[in-house]
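Chemist: Sequence and computational prediction follow.
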Amino acid sequence: MVVDPNEPARGAPLAEVPPPRPGESAWETALAQLDEAAELMGLAPGVHETLRHAKRALIVSVPFRMDDGSTRVYPGYRVHHNVTRGPAKGGIRYHPSVGLDEVKALAMWMTWKCAIAGIPFGGAKGGVAVDRKQLSRAELERMTRRYASEILPLIGPERDIPAPDMNTDEEIMSWIMDTYSQNQGYSVPGVVTGKPVSIGGSKGRGGATSRGVMYMIFSTLKKLGVGIDEVSVAIQGYGKVGGFAAQLLHDAGCRVVAVSDVEGGLYRDRGLDPEAINRHKKEAGVVAGYVGADGITNEELLEIDCDVLVPAAIEGVITARNADKIRAKVVCEAANGPITFEADKILHDRGVFVVPDILANSGGVTVSYFEWVQDIQAYFWTEEEVNDRLRAIMEAAYEEVYQLASDKNLSLRQAAHWIGVGRVAEAHLTRGLFP
Ligand code: NAD
């Protein structure tokens, strides 16, 4: 962060985020997964080398005026990992830990995710290294509009379509859509997804990632021969994805025994009531302090004795240091990259059934694709159509990944990478290397 020396600083400084330990960063995890898939599938070395690199990365400075008249400058990023199968697609994250390597990893995962779902997009990601809680709404809007202006050369409905991610939401998407449209001189709804329905958003987009996570848990339970109402679930992260997943899974009959956000968590063996927690969170701003449950830490939540664990917060929370303490039988990765490469091997050896992020959380990008299609056609679908098509795509993708894993004796993650990387590689080889 750079503060204008002529003007007084305002608010608390950025929260300190310790850098990841060696082998635990998102970029190291993403590269190790790609390298393993390349070896397993015998990927052409030239394509493998190409895919190890992001196609382009833009680093910007985002200066904006604070409410007290001072100026702040935060670093921002937008990365396109690959656009061989279509325009780049990926969320925008506001978090103090955002940096080039993290954004590159998230963009790479988006490439595989789109390919596995059969969506004609490449992978992108972006973000600003900012602690959103330090900004007023007006400051957040000015920062967002300036960031959008800085990445204008990369974005557009046929180039790169951003969406919400951690600490960004549909209001932020509407400011980006408006900033882009003001520059064009006409409305361009298809430049972002995850925006409000009133300006071209899709019905069902808000809950799509959580709904997809639920479908992937149900598909897994079906394979394991376990009933939906027989399982206990623990969810780390009570934001857009984790919070709504808790509600959906509870409504479907699962026993949601633990939830948490960055400030801590809750546990109740007989099951939590997400509606009551939502009411508490609306008042208190956090889940902690809710009287109907015991308080637990985020570390304790991960190690709880439950059937299904859903990490839905940030990357790198299950590492070689705690993987042998995970007691869940199934881990469904709602977050991107919550399990490091080394930890994934430990879980696999212990027989934990892991549904990988690039399959499990693809509901968001799938309905983002629907939103983009609706914007381009200016023809909008019912929520039922959206949810039905989402379920059909995700269940088909699950089946494909599961079959390949069974046929070749792979983990679900290895099979998902095999399919995702394979489709991107095929597109590369079909188009040829320019010039
Ligand atoms: P969000 O900002 O709405 O919520 C994040 C939640 O995680 C909050 O409850 C926050 O308090 C909690 N959290 C943050 N840091 C934490 C920590 N260190 N320990 C425990 N909890 C912590 O974000 P979101 O959109 O729900 O995204 C969550 C994850 O899901 C991210 O990994 C994101 O990349 C992934 N994801 C999101 C979407 C989407 O559509 N929003 C799609 C696919 C994947």
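Modeler: Nice, thanks for sending it over.
Chemist: so where do the strands sit in the chain?
Modeler: Along the chain, counting by DSSP state E, strands occupy 2-3, 56-65, 71-82, 88-94, 122-128, 160-164, 232-236, 255-261, 264-267, 294-296, 308-311, 330-332, 353-355.
Chemist: Which of the ones you listed sits closest to the ligand?
Modeler: Minimum separation from the ligand across the strands of the chain (C-beta to the nearest ligand atom) falls at strand 255-261, 3.3 Å. All C-beta atoms are positioned from the backbone trio N, CA, C, and that covers glycine.
Chemist: Could you give the average pLDDT over that closest one?
Modeler: What strand 255-261 shows for mean pLDDT is 98.
Chemist: Give me the sheet partners of that strand and which way each runs.
Modeler: The pairing partners recorded for strand 255-261 under DSSP bridges are strand 232-236 (parallel), strand 264-267 (antiparallel).
Chemist: What lies in contact with it?
Modeler: 231-239, 242-243, 246, 249-250, 265-272, 274, 277, 281, 286-288, 296-298, 301, 304, 306, 313 (C-beta atoms under 8 Å, 6 or more residues apart in numbering).
Chemist: Measure how far that strand is from the centre of its chain, please.
Modeler: 19 Å (C-alpha atoms, centre = their mean, to the nearest Å).
Chemist: Any stretches of the chain with poor pLDDT?
Modeler: 1-17 (pLDDT under 70).
Chemist: Can you name the residues of it sitting close to the ligand?
Modeler: Within reach of the ligand by C-beta under 6 Å from any ligand atom, the chain has these residues: 164-167, 209, 236-242, 260-262, 298, 312-314, 334-336, 361, 364.
Chemist: How about the contacts made by the residue of the chain found nearest the ligand?
Modeler: Closest to the ligand within the chain is G239: 1.7 Å, counting by C-beta to the nearest ligand atom. If you count contacts by C-beta under 8 Å, 6+ apart, G239 has them with 166, 261, 312-313.
Chemist: Pick out the most distant pair among these.
Modeler: M166 and D261 (11.7 Å; C-beta to C-beta).
Chemist: just checking, which of the residues of the chain next to the ligand belong to helices?
Modeler: 209, 240-242, 298, 364 (DSSP state H).
Chemist: re earlier: distance to T220 and mean neighbour count added to the strands of the chain, as a markdown table?
Modeler: Shown next, in a markdown table, are the strands of the chain (distance: least, C-beta to C-beta, whole Å; neighbours: other C-beta atoms under 10 Å):
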| stretch | distance to T220 | mean neighbour count |
| --- | --- | --- |
| strand 2-3 | 47 | 13 |
| strand 56-65 | 35 | 16 |
| strand 71-82 | 28 | 23 |
| strand 88-94 | 25 | 28 |
| strand 122-128 | 25 | 29 |
| strand 160-164 | 26 | 27 |
| strand 232-236 | 12 | 26 |
| strand 255-261 | 16 | 25 |
| strand 264-267 | 23 | 22 |
| strand 294-296 | 25 | 15 |
| strand 308-311 | 8 | 29 |
| strand 330-332 | 6 | 25 |
| strand 353-355 | 6 | 23 |
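Chemist: Dump these to CSV, plus distance to E39.
Modeler: Formatted as CSV, the strands of the chain follow (distance: least, C-beta to C-beta, whole Å):
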stretch, distance to E39
strand 2-3, 43
strand 56-65, 26
strand 71-82, 19
strand 88-94, 26
strand 122-128, 21
strand 160-164, 31
strand 232-236, 31
strand 255-261, 36
strand 264-267, 38
strand 294-296, 40
strand 308-311, 27
strand 330-332, 24
strand 353-355, 20
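Chemist: Quick one: closest of those to H48.
Modeler: Closest to H48 of the strands of the chain is strand 71-82 (C-beta to C-beta; 12.7 Å).
Chemist: Tell me the gap between the closest one and the middle of its chain.
Modeler: Taking mean C-alpha positions (C-alpha atoms, centre = their mean), strand 71-82 and its chain are 17 Å apart.
Chemist: and if you look at stretch 40-52?
Modeler: For stretch 40-52, the distance to the chain centre is 25 Å (C-alpha atoms, centre = their mean).
Chemist: so who does the nearest residue to A425 once chain neighbours are set aside touch?
Modeler: The shortest distance from A425 to any non-neighbouring residue, by C-beta to C-beta, 6 or more residues apart in numbering, is to V47 (4.7 Å). Counting by C-beta under 8 Å, 6+ apart, V47 makes contact with 425, 428-429.
Chemist: could you flag which of those residues are buried?
Modeler: Buried by 16 or more other C-beta atoms under 10 Å: 425, 428, out of those.
Chemist: For the contacts of V47, give me a markdown table that also has distance to W381.
Modeler: As requested, the contacts of V47 are exported to a markdown table (distance: C-beta to C-beta, whole Å):
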| residue | distance to W381 |
| --- | --- |
| A425 | 32 |
| H428 | 32 |
| L429 | 35 |
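Chemist: taking the contacts of V47 one by one, which sit in helices?
Modeler: Checked against DSSP H, these include these in helices: 425, 428-429.
Chemist: I92 versus D165, what's the distance?
Modeler: Counting by C-beta to C-beta, to the nearest Å, the gap from D165 to I92 is 6 Å.
Chemist: who touches both of these two?
Modeler: Shared contacts of D165 and I92 (C-beta under 8 Å, 6+ apart): 125, 127.
Chemist: which residues are in contact with stretch 366-378?
Modeler: By C-beta under 8 Å, 6+ apart, stretch 366-378 touches 89, 114, 117, 119-121, 157, 161, 163, 189-190, 193-195, 200-202, 204-205, 208, 212, 380-381, 386, 389-390, 393-394.
Chemist: Among the residues you listed, which lie within helices?
Modeler: Going by DSSP H, the helices hold 114, 117, 208, 212, 386, 389-390, 393-394 from the contacts of stretch 366-378.
Chemist: Nearest to R65, out of the residues you listed: which one, please.
Modeler: A208 (34.9 Å).
Chemist: Spit out the contact partners of that closest one.
Modeler: Contacts of A208 (C-beta under 8 Å, 6+ apart): 363-364, 366-368, 386, 390.
Chemist: Tabulate the residues you listed in CSV, adding columns for distance to D349 and neighbour count.
Modeler: Formatted as CSV, the contacts of A208 follow (distance: C-beta to C-beta, whole Å; neighbours: other C-beta atoms under 10 Å):
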residue, distance to D349, neighbour count
G363, 29, 28
G364, 30, 28
T366, 32, 27
V367, 35, 29
S368, 35, 28
V386, 39, 23
L390, 33, 25
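Chemist: Widest-spaced pair of those residues?
Modeler: G364 and V386 (12.3 Å).
Chemist: so what sits against both of those two?
Modeler: Shared contacts of G364 and V386, counting by C-beta under 8 Å, 6+ apart, come down to 205, 208.
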